[in-house]
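Student: Sharing a sequence plus its predicted fold:
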Amino acid sequence: MRNQILFYIVILLTNIIHGITGFAGTILAMPPSLMLVGYDIAKPILNVLAIFSGVYVFVGNYKKIAWKELAKIVVVMALGIFGAVFIKGLFVGKEHLLYKLLGLLVIGLSVQGFYKLVHKPDAKTEPPAEEQESKGDVGTYALLVLAGIIHGLFVSGGPLLTGYMTKRIKDKTVFRATISTVWVFLNTLVFLEDVQAGLWVPSTVKMLAISVPFLLAGMFIGSKLVARMSQLVFMKLTYILLFISGLSLLVK
């Protein structure tokens, strides 16, 4: 019971941070949630909560969505999600190895993100857009497939997708509306896979119902704090927390 209460608190706190920074809610919640309630409970619940938050953003911003970009992302990442189903089969009875994999991923992303915040590149040193495009689409599609695999395994493909979208969509409103809608589509695929896998038992449904108020409270508090507090400071804090969470999975 104590672990369940802590799980709900994790949902509250990570969604406060998500409301302030605009990202990292699920990937920040996943490591402690895995340790508190386990993969078979944490993954399906956090996935559905992400659908709820995505719908919330979609309803108020659907006119801002970059539909062409959205379609490409959903199709390519969906391939990765289906691939994740087979990858999970290789780790049956070896879930601790998946935890280590997520720990390494989270640590890598946190170090990279923090470094970019502290050492912002000089615009003069960045290659022109034409040169970046000339590298071809192979790497781009590979990144999206990898993001889909990570999302299918841990509902945490956001950081990789963000790395792709920041180069494609510059308008913040369009970016937020599009990426939130991506999660509505992709997390629905993950939800259907979880249902087929038998993860949605009555006790998990009950925990989801209890989790929703904590999600809504976190989103509300975050939306109020974002106008009063430095987003940069909280982004740095988020990366630090991600790093600690990743380490905790490695020593679990």
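Tutor: Looks like it arrived, so ask away.

Student: tell me what the host helix or strand of residue 72 is packed against?
Tutor: Here residue 72, judged by DSSP states H and E, is contained in helix 67-90. Packing contacts for helix 67-90, counted by 3 or more Cβ pairs under 8 Å, 6 or more residues apart in numbering; DSSP states H and E, involve helix 138-154, helix 158-168, helix 172-196. Where C-beta positions appear, they are placed from N, C-alpha and C, glycine not excepted.

Student: So which residues make contact with that helix?
Tutor: 98, 141, 144-153, 157, 161, 164-165, 168-169, 178, 181-182, 185-186, 189-190, 193 (Cβ atoms under 8 Å, 6 or more residues apart in numbering).

Student: Likewise for stretch 46-54?
Tutor: The contact list for stretch 46-54, computed with Cβ under 8 Å, 6+ apart, reads 11, 15, 18, 25-26, 29-30, 33, 155, 180-184, 187-188, 190-191, 194, 208, 211-212, 215, 219.

Student: of these, buried ones?
Tutor: Applying 16 or more other Cβ atoms under 10 Å to the contacts of stretch 46-54, the neighbour count classes 11, 15, 18, 25-26, 29-30, 33, 155, 180-184, 187, 190-191, 194, 208, 211, 215, 219 as buried.

Student: Next up, phi/psi of residue 198, please.
Tutor: With angles defined as degrees, to the nearest 10, residue 198 shows backbone torsions of phi 80, psi 20.

Student: quick one: it from residue 46, how far?
Tutor: The spacing between residue 198 and residue 46, counted by Cβ to Cβ, to the nearest Å, is 18 Å.

Student: which one of these two has more residues nearby?
Tutor: Set side by side, residue 198 and residue 46 show unequal neighbour counts under other Cβ atoms under 10 Å, the larger going to residue 46 at 27 against 8.

Student: give me the element that one is part of.
Tutor: If you go by DSSP H and E, residue 46 is part of helix 39-61.

Student: Distance of residue 111 relative to residue 58?
Tutor: Counting by Cβ to Cβ, the gap from residue 111 to residue 58 is 32 Å.

Student: Over to residue 147?
Tutor: When Cβ to Cβ is the yardstick, residue 147 and residue 58 sit 20 Å from each other.

Student: pLDDT score for residue 166?
Tutor: According to the predicted model, the pLDDT of residue 166 comes to 79.

Student: low-scoring stretches of the stretch 101-250 of the chain, by residue?
Tutor: Applying pLDDT under 70 to the stretch 101-250 of the chain picks out residues 121-136, 231.

Student: before we move on, back to that, more neighbours, residue 147 and residue 58?
Tutor: Neighbours per residue, other Cβ under 10 Å: of residue 147 and residue 58, the larger number sits with residue 147, 26 against 17.

Student: So what's the residue count around the residue nearest to residue 164 when sequence neighbours are not counted?
Tutor: Residue nearest to residue 164 in three dimensions, not counting chain neighbours: residue 143, with 5.5 Å by Cβ to Cβ, 6 or more residues apart in numbering. Using other Cβ under 10 Å, the number of residues around residue 143 comes to 17.

Student: Residue 164 now?
Tutor: For residue 164, the number of neighbouring residues by other Cβ under 10 Å comes to 20.
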